[in-house]
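1. Okay, predicted coordinates and the sequence, questions at the end:
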Amino acid sequence: MAASAELRTSLEERHRVRSWLLDGLSEQSQQHQGPHAVTGPEHKRHAWWKVMCLTGVDYFSTLGYQPGIAALAAGLLSPIATLVLVALTLLGALPVYRRVAGESPHGEGSIAMLEKLLSFWKGKLFVLVLLGFAATDFLITITLSAADATAHIVENPHVPASLHGHEVAITLALLALLGGIFLRGFTEAIGVAVGLVVVYLALNTVVVGVSLWHIAMAPSLVTDWTSALSASHGSIAGMVVVSLLVFPKLALGLSGFETGVAVMPHIEGDPGDTEEAPEGRIRGARRLLTTAAVIMSVFLITSSFVTTLLIPHRQFEPGGQAAGRALAYLAHGYLGNTFGTVYDLSTIGILWFAGASALAGMLNLIPRYLPRYGMAPQWARAVRPLVLVLMSVAFLVTWIFKADVNAQGGAYATGVLVLITSASVAVTLSLRRRGQLRLAVAFAAVTLVFVYTTIDNVVERPDGVKIASCFIAAILAVSLISRISRSFELRITDVSLDDTAQIFISDCARRSIRIVANSPDARDAAEYRDKLHQTLRDHSLPDARDVIFVEVTVTDPSDFETRLSVHGQVMHGQYRVLCLESSSVSNALAALLLTIRDETGVVPHIYFEWTEGNPVTNFLRFLLFGAGEIAPVTREVLRRAVKRPTKRPHVHVG
């Protein structure tokens with residue numbers, strides 16, 4: 001008895017853990033409906049400015065290192081080069097993503113816009129490659145930001161020297177804490193983000209304000225800087241040209257736009273919003289993007305100006321006190337170590353939590369694509385299991401790169417730039433398709449700038465492409481394995497019968513329902529007559545009164561989940577035919593049979609011919625083209641969907 005009680009307790013604990021992990025995931029119906037048969041509860045949405053803080057922990061956190069990057073790349077030209085970055089932000093990236101927000105309001109991002117350009121397997125593979133770059137961007141955002149937070153911890157003058165050399169352990173602890181917050185819930189993540197962003201921006205305002213006051217009190221700093229600029233670069237035109245050439249090195253200041261679109265489903269819209277037309281959500285997302293871009297632009301310009309004028313250039317170099325922490329250097333220098341430590345803590349907090357926006361973006365993107373393609377298990381739609389998987393990958397990346405910020409910078413920049421470039425291409429093609437040629441030309445010019453920036457970054461830091469290729473290869477491998485392992489799932493999300501089809505089925509249900517699978521060819525009277533005679537002869541059926549033909553037209557075999565609309569037709573005045581379209585013949589037939597069973601209470605029979613040819617070749621045809629070995633696959637789909645043989649439709653092959 002004691003052993004039995006322990007077993008029950010163990011099973012109950014497992015059930016509780018499973019329920020907790022899959023909280024928010026709509027369980028697949030035990031009927032034949034697909035995974036969307038039961039709609040999950042609506043998740044809580046938040047005001048746009050709160051969601052802006054979530055994306056802002058990534059975007060705004062670049063202030064922790066962007067001024068130093070600009071100083072190393074452009075030297076005295078840092079403020080001018082930053083002006084070029086701001087101009088491209090406000091006139092390029094921002095307009096691009098405002099349009100992306102309007103065309104993908106459910107958070108699919110620019111990937112969804114490009115998905116429409118290619119059909120069948122080409123489109124799916126293209127999306128998987130883009131998801132590989134997105135994974136590179138988002139995952140490296142998580143690991144790089146945590147590693148940078150660790151660097152700020154160990155470089156603070158009040159931190160014991162004993163922490164040096166333990167950067168990997170500290171970074172892993174920060175990642176574990178980040179994952180723990182998301183395991184608790186998304187609302188908690190929003191609350192933490194709001195607090196961190198408000199405090200961080202307030203402290204930066206103080207640091208920049210005090211620095212500007214010191215410059216105002218010493219006007220010679222400005223005159224010395226302008227004189228040095230004129231001596232080094234001559235004309236303003238020459239300065240702009242050099243700034244454009246060094247712009248690719250500053251491109252990390254553009255991070256955050258893709259995540260701003262990816263988290264759109266969490267934005268609260270208008271009361272009258274629908275999922276088909278969420279106008280309030282789109283308006284909120286555009287406010288989010290614009291407000292974040294304007295705030296960041298002001299800070300980028302002012303921070304690059306004060307750091308260039310007030311910090312000796314040697315301090316920006318590796319080993320210098322301002323390396324990767326220029327504003328922190330000013331905070332300690334002008335406001336004292338106490339304020340500087342508070343600033344460091346704020347910087348550490350926002351850098352640590354910068355991965356939250358990337359994690360939120362992945363938690364929205366992955367369930368929208370991979371499970372729908374059949375390229376991820378059903379539990380990938382649930383938040384908590386996905387958090388555990390993603391954080392495990394983040395742990396692995398941190399261990400491989402030993403929490404080194406510089407080692408991950410190339411991959412981060414590559415992911416950011418590829419996504420922005422793809423978004424620019426998507427918007428340009430969308431405008432061209434709509435006939436808005438002038439706008440299309442303008443966005444094409446923006447696209448060329450991003451293409452140049454991406455190519456320059458790849459040439460200078462090819463390790464970024466190598467790392468991204470590893471992510472792409474991993475996604476392709478996992479997707480292929482998942483698609484094969486799930487190939488026999490019943491993946492029809494809904495079945496609807498028109499009036500004619502219902503009349504056919506209701507009439508036969510009074511006696512027996514016999515479905516004959518027919519591959520449509522000429523569809524003349526002879527085709528149906530010969531098929532009917534062959535079926536009656538092969539299966540020794542008494543008559544043709546209860547025979548209904550069914551014909552499935554394969555649409556896009558790369559789709560995994562589809563809806564079925566069944567239309568009844570009377571061909572040549574005497575043959576009843578059910579016509580439907582699907583990505584898979586076998587899945588469509590299995591779903592139709594189960595719908596007939598459920599609506600009539602009669603278990604139907606279906607009759608096939610054996611498929612000619614090699615079984616292996618036919619199975620590959622089923623996987624790639626939705627046809628192939630139809631009869632045995634239909635039976636296998638039914639077997640997996642219905643456990644009780646007496647409730648399972650009968651499959652006959654002759």
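-> That came in fine, so what should we check first?
2. close enough to count as contact, Arg545 and Ile513?
-> No. In this structure, Arg545 is not within contact of Ile513 by C-beta atoms under 8 Å, at 11.2 Å. The C-beta positions use only the backbone N, C-alpha and C, and glycine is treated the same way.
3. These two: who's more crowded?
-> Taking neighbours as other C-beta atoms under 10 Å, Arg545 and Ile513 compare with Ile513 leading, 24 against 11.
4. hang on, isn't the more buried one packed against Val550?
-> No. Ile513 is beyond contact range of Val550, at 11.1 Å (criterion: C-beta under 8 Å).
5. Count the residues that sit near the spatially closest residue to Gln569 that is not a sequence neighbour.
-> Spatial nearest neighbour of Gln569, excluding adjacent residues (C-beta to C-beta, 6 or more residues apart in numbering): Val577 at 4.8 Å. For Val577, the count of nearby residues is 22 (other C-beta under 10 Å).
6. distance of Val577 from Pro542?
-> Val577 sits 21 Å away from Pro542 when distances are taken as C-beta to C-beta, to the nearest Å.
7. do the same with Gly410
-> Relative to Pro542, Gly410 is positioned 74 Å away (C-beta to C-beta).
8. Those two - which one has more neighbours?
-> Between Gly410 and Pro542, counting by other C-beta under 10 Å, Gly410 is the more crowded of the two (21 against 8).
9. mean confidence for the strand or helix carrying the more buried one?
-> Here Gly410, judged by DSSP states H and E, is contained in helix 405-433. Mean pLDDT, helix 405-433: 82.
10. Could I get the buried residue list for that helix?
-> 405, 408-431 (16 or more other C-beta atoms under 10 Å).
11. so what does that helix touch, helix or strand wise?
-> Applying 3 or more C-beta pairs under 8 Å, 6 or more residues apart in numbering; DSSP states H and E, one finds that helix 405-433 contacts helix 94-103, helix 110-115, helix 120-155, helix 257-262, helix 437-460, helix 463-485.
12. okay, the residue nearest to Gln569: pLDDT?
-> pLDDT recorded at Val577 is 87.
13. so Ser422 touches Gly109, yeah?
-> No. Shown here, Ser422 and Gly109 do not form a contact pair, counting by C-beta under 8 Å, at 9.1 Å.
14. mind checking the SS state of Ser565?
-> strand (DSSP: H, G, I helix; E, B strand; the rest coil).
15. what's the neighbour count on it?
-> 15.
16. Excluding sequence neighbours, find me the nearest residue to it.
-> Ser565's closest residue in space is Ser496 (C-beta to C-beta, 6+ apart), at 5.4 Å.
17. where does the one you found fall, phi/psi-wise?
-> Phi and psi for Ser496, reported as degrees, to the nearest 10, are phi -120, psi 140.
18. you'd agree Cys508 is up against Asp546?
-> Yes. Cys508 is in contact with Asp546 according to C-beta under 8 Å; the separation is 4.4 Å.
19. Give the residues shared as contacts by the two.
-> Listed as contacting both Cys508 and Asp546 by C-beta atoms under 8 Å, 6 or more residues apart in numbering are Arg514.
20. mind listing the strands for this structure?
-> 492-497, 514-517, 547-554, 562-571, 575-582, 605-608, 650-653 (DSSP state E).
21. any idea which of those strands is most buried?
-> Among the strands of the chain, strand 514-517 has the highest mean neighbour count (mean count of other C-beta atoms under 10 Å), at a mean of 24.
22. what's that one packed up against?
-> helix 525-539, strand 547-554, helix 585-600, strand 605-608.
23. Quick one: closest of these to Pro462.
-> Ranking those by proximity to Pro462 (C-beta to C-beta) places strand 547-554 first, at 41.8 Å.
24. Residues touching that closest one, excluding its own?
-> If you take C-beta under 8 Å, 6+ apart as the criterion, strand 547-554 is touched by 504-505, 508, 513-520, 528, 531-532, 535-536, 541, 571, 575-585, 588-589, 592, 606, 625-627.
25. what are the pairing partners of it, and which direction each?
-> Strands adjacent to strand 547-554 in the sheet, as given by DSSP bridges, are strand 514-517 (parallel), strand 575-582 (parallel).
26. Could you pull up the mean pLDDT of the first one?
-> I take that to be strand 514-517. pLDDT averaged over strand 514-517 gives 84.
27. quick one: it to chain centroid distance?
-> 42 Å (C-alpha atoms, centre = their mean, to the nearest Å).
28. CA atoms of it as PDB?
-> The C-alpha coordinates for strand 514-517 follow below in PDB (Å, rounded to 0.1, in the frame of the first residue of the first chain):
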ATOM      1  CA  ARG A 514     -18.400   3.900 -48.700                       C
ATOM      2  CA  ILE A 515     -15.700   6.400 -49.800                       C
ATOM      3  CA  VAL A 516     -13.700   5.700 -53.000                       C
ATOM      4  CA  ALA A 517     -10.400   7.600 -53.300                       C
END
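29. tell me the most buried of the helices and strands packed on helix 405-433?
-> Counting by mean count of other C-beta under 10 Å, the most buried of the helices and strands packed on helix 405-433 turns out to be helix 257-262, with a mean of 29.
30. low pLDDT regions in the stretch 51-200 of the chain?
-> 118-119, 156-157, 161-163, 185-187 (pLDDT under 70).
31. hmm, back to that, quick one: the strands of the chain as CSV, columns for distance to Ser255 too.
-> Shown next, in CSV, are the strands of the chain (distance: least, C-beta to C-beta, whole Å):
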stretch, distance to Ser255
strand 492-497, 36
strand 514-517, 53
strand 547-554, 42
strand 562-571, 37
strand 575-582, 41
strand 605-608, 55
strand 650-653, 54
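32. Which among these is found nearest to Ser297?
-> Closest among the strands of the chain, using C-beta to C-beta: strand 492-497, at 44.3 Å.
33. helices or strands next to the closest one in the packing?
-> strand 562-571, helix 585-600.
34. how about those in a markdown table, adding distance to Gly336 and mean pLDDT?
-> Output for the helices and strands packed on strand 492-497, formatted as a markdown table (distance: least, C-beta to C-beta, whole Å; pLDDT from 0 to 100):
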| stretch | distance to Gly336 | mean pLDDT |
| --- | --- | --- |
| strand 562-571 | 65 | 85 |
| helix 585-600 | 69 | 87 |
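35. can you put the ones you listed in a markdown table and add distance to Asp456?
-> Listed next are those as a markdown table, based on distance: least, C-beta to C-beta, whole Å:
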| stretch | distance to Asp456 |
| --- | --- |
| strand 562-571 | 43 |
| helix 585-600 | 47 |
